[in-house]
Structure formats: C-alpha cells, structure tokens
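# Provided below are the primary sequence and the corresponding predicted coordinates.
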Amino acid sequence: GCAGVLERSREQLLRQTCEAVLLGVLHPRTAISLVLQVLSDAGSLLSCCLNAACMALLDAGLPLTALFCGVTCALQPDGSILLDPTARQEQEARAILTFAIASSEKKVLMATTKGSCSVEEMQQCLAAAQRAADTIFQFYRDSVCRRYSKS
Amino acid sequence: PQGRLLCGPGLRRSGAGLLVTKCGLLRHRPGGGGAYWVDSQQKRYVPVKGDHVIGIVTAKAGDVFRLDVGGSEPASLSYLAFEGATKRNRPNVQVGDLIYGQFVVANKDMEPEMVCIDSSGKSSGMGIIGQDGFLFKVSLGLIRKLLAPKCEIIQELSQLYPFELVLGMNGRIWVKAKTIQQTLIIVNILEACEYMTAEQRRQALAKLSGT
C-alpha cells in the first residue's frame, strides 16, 4: 500500500548503510536508486532487505568499499538469544535487534532495536550476530562463484 | 616483485595498499611490469576514454550532436569530427541515427565527448551506421568475450549466414543479415550466448543449420 512511517524508517536505515559503503566519489552528479519489492515476509524483514540490497549492489557492479549483511536477533523473555526469528518468534520476543555488519573487520554499520534490553544483552547479541555474519558472507561468495563459473 | 604495477578496473589505491571495489575474477597480465584487474560482469556502462561505442542521436544543438551512450550523461559529438567534414560539407546526421565512434574525453567530472575519426584523421570504420539492421543490448562481459581475438562464437555464426556486426563497448550490438528472419536468429543466439556453454551453443547452431 502507501508508504507509511515504518517503510520510511526502513528506507532511511538502508540508505545510511549503503551510503557508508558506496564509493560515491566515482560517480558525481548521479543518483543511484535501489528498489526493493517485498514478495513474502516471514520475519526478519529488515535484515532480509539489507542482504538483498548488498547483493543487488554487487550484481550491478557499483564500487563498494566493503560488503555488508543484516542479522536480526530476538531476545526471548527467558533471556536466550534467537537469531533470524520468524514472525511468530518476533512477536513473542522481549526485544528485537537488527545489526548491519560490514565484511571488513566485522564493524557494525547500523544497529536498530525494538523493545528494551540491557547493555550486556546487546553486547551478547552483537557478538552472536558477528558470528552469524560469517555464514552470510560465505553465501554471498558461493552465489558469486556460481554466477562467474557459468561464463 | 619490483617495478611498476598497473591497477585496472575494480582495484583502487587506498593509502599504502589496494582496495578491491568490485566482485569478479582477479586477472593478471605478466607483461611489462604486470597488470592486475577485476573482471566483473555488469550491464551498466561507464564511459571510458578510448572505448568504441554505439550511440543514438537524441538531439542536434547547434554544431554539436547529443548522443545517448547508455551512461549517466549524454555524450557530445561535433559535426566536424567526421572524415572529410568541413564547415561547408556537413555530415547528414538525423535524430535517431546510430553512430559508431570512440571517446576522446571521458572522466567522471566532465561530459563525455566522442569523435568519429582517429588520431590520423581517418574514419577506420567509424561514423554513421547504415539503415536497417537491428540494435540490441547485452551485458558488458559478453561484449568483451566477443571482442577477444579469434572468438569462437563469431566464427561459428559466420559459417551459418553472412552478416554485418558492429559491437559497442557500451553493451550495444547492431546486426544486419540478408533477411529479417536471419537477423533475428543471430540476435537470439547472441543474447543466449551469455548463459550457454560452448557445447550447448554448438548444438543450437547445428540444429539451425540442419533445418
């Protein structure tokens, strides 16, 4: 439907993440527009958008300083951390944290939280997300290898 | 290793080291001090000096034609940049014509400029592309494959039908064969070549020359 406040905030988050990695100096006076269409939402939408955005930028051949990936952590009421929650698990969770992690030295590009959690819990979620980022970057690598092996 | 190393597209100097900015296969040419570049596949063209491209004339503004080359800005082409053109003898270029030329100025800060003559003043194949024929767009990686010396695809296709082919580094290909049907067959094969292996291509061509 019409873009609401939630979509706008997601756009802002995506935009800030992309601007941090894109080499804009190589393309002055040009607009780079990224269009994401949600086909199905089964939870962790923002990190899915982040991953899709990174793969799209890679595929288009735009110059990037680093790759980034999105990881969502859900803090359950009993204190355990759940990575990549489904929509059901997101509703039951106490807090949902989404991190955008860059591939160089696993730096955090963007972090957003919904709900409340303590600082230690956030640090734990961040550590878990950085470990999970490895899996996602390996997936990027495999997809790119498959693409280039055909030619 | 000593000596000067050339950094090609996809690599960038940052501080003391190199930064890889695109995804692709890293290639190395050992001659003359060595050159490294990243062979990436993309569809969007960025104008580079010295590239030969096919442009579409979109406007005539006084002494200069504006051409669409598929980049972010239209390129400009002066009417004097054709072989044998003088102020009295202007080339007959209309809006919508196809021009094959090369870039003489192409950097990120300025509007790209094209010419249809080389440094000695001869046209060497550049200029207005004739009537008929079919223009279509492919990815830049396929163009580079087709432009390699002794390209198998072109040799196999030329055994099928005789045709004229103009390849632009901006991803545009212009084909003309004797009949419209032959032209369209060649267009379809070139477009499909991107995703077919050599074996599948030979099978497809064998089926076509058989029927």
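Cool, got the structure.
# what does the top strand by length along chain B rub up against?
In chain B, with assignment by DSSP state E, the single longest strand is strand B:52-61. The contact list for strand B:52-61, computed with Cβ atoms under 8 Å, 6 or more residues apart in numbering or on different chains, reads B:45, B:47, B:65-70, B:74-75, B:77, B:93-103, B:114, B:126, B:129, B:135, B:166, B:168-170, B:172-174. C-beta coordinates here come from the backbone N, C-alpha and C atoms, glycine included.
# elements contacting the helix or strand just after that strand?
The C-terminal neighbour of strand B:52-61 among helices and strands, as given by DSSP states H and E, is strand B:64-68. Packed against strand B:64-68 by the contact rule (3 or more Cβ pairs under 8 Å, 6 or more residues apart in numbering or on different chains; DSSP states H and E) you find strand B:52-61, strand B:75-78, strand B:98-105.
# For those strands, could you give me TSV that also reports mean neighbour count and mean pLDDT?
Listed next are the helices and strands packed on strand B:64-68 as TSV, based on neighbours: other Cβ atoms under 10 Å in any protein chain shown; pLDDT from 0 to 100:
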stretch	mean neighbour count	mean pLDDT
strand B:52-61	18	92
strand B:75-78	21	92
strand B:98-105	20	92
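# now the closest residue to chain A within chain B, nearest residue through space, not along the chain?
Nearest to chain A in chain B, going by Cβ to the nearest Cβ, is B:Gln42, at a distance of 3.0 Å. Once flanking residues are discounted, B:Gln42 sits nearest to A:Gly61: 3.0 Å by Cβ to Cβ, 6 or more residues apart in numbering or on different chains.
# now that neighbour: how far from A:Phe99?
26 Å (Cβ to Cβ, to the nearest Å).
# Show me which of these two is the more surrounded one.
Using other Cβ atoms under 10 Å in any protein chain shown, the more surrounded residue of A:Gly61 and A:Phe99 is A:Phe99, with 27 against 23.
# Can you give me every residue that contacts the more buried one?
Counting by Cβ under 8 Å, 6+ apart, A:Phe99 touches A:Ser47, A:Gly70, A:Val71, A:Cys73, A:Val108, A:Met110, A:Ala111, A:Cys125, A:Leu126, A:Ala129.
# Filter the contacts of strand B:52-61 down to the buried ones, ChimeraX style.
Here is the ChimeraX selection string for the buried members of the contacts of strand B:52-61, based on 16 or more other Cβ atoms under 10 Å in any protein chain shown:
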select /B:45,47,65,66,67,69,70,74,75,77,93,97,98,99,100,101,102,103,114,126,129,166,168,169,170,172,173,174
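# Tell me how many other residues crowd A:Met55.
Considering only other Cβ under 10 Å, A:Met55 is surrounded by 17 other residues.
# The helices and strands packed on strand B:64-68 into CSV, with extra columns for distance to B:Arg4?
Converted to CSV, the helices and strands packed on strand B:64-68 look like this (distance: least, Cβ to Cβ, whole Å):
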stretch, distance to B:Arg4
strand B:52-61, 27
strand B:75-78, 32
strand B:98-105, 25
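# between those, which one is nearest to B:Thr86?
Each of the helices and strands packed on strand B:64-68 has some distance to B:Thr86 by Cβ to Cβ; the shortest is strand B:75-78, at 12.4 Å.
# Now do the closest one: everything it contacts.
For strand B:75-78, the surrounding residues in contact (Cβ under 8 Å, 6+ apart) are B:47, B:55, B:63-69, B:99, B:101, B:103, B:111-116.
# Name the nearest residue to B:Val166, sequence neighbours excluded.
Nearest to B:Val166 is B:Trp174, by Cβ to Cβ, 6+ apart, at 4.3 Å.
# Quickly note the distance from the spatially most central residue of chain A to A:Gly4.
Centroid-nearest residue in chain A, with Cα atoms, centre = their mean: A:Gly70, separated by 2.1 Å. Here the distance between A:Gly70 and A:Gly4 works out to 21 Å (Cβ to Cβ).
# What about the contacts of A:Phe99, which are in helices?
In helices, defined here by DSSP state H, the members of the contacts of A:Phe99 are A:Ser47, A:Cys125, A:Leu126, A:Ala129.
# Between all of those, which two are separated the most?
Farthest pair in those, by Cβ to Cβ: A:Ser47 and A:Leu126, 13.6 Å.
# More neighbours: which of those two?
A:Ser47 (23 against 18).
# And the more buried one, what's its pLDDT?
Listed pLDDT for A:Ser47 reads 90.
# Can you report how many residues lie near residue 89?
Assuming you mean chain A. Neighbours of A:Gln89 using other Cβ under 10 Å come to 15.
# actually it's chain B I care about, not the one you picked
Using other Cβ under 10 Å, B:Asn89 has 10 other residues around it.
# Give the helix, strand or coil label for it.
coil (DSSP: H, G, I helix; E, B strand; the rest coil).
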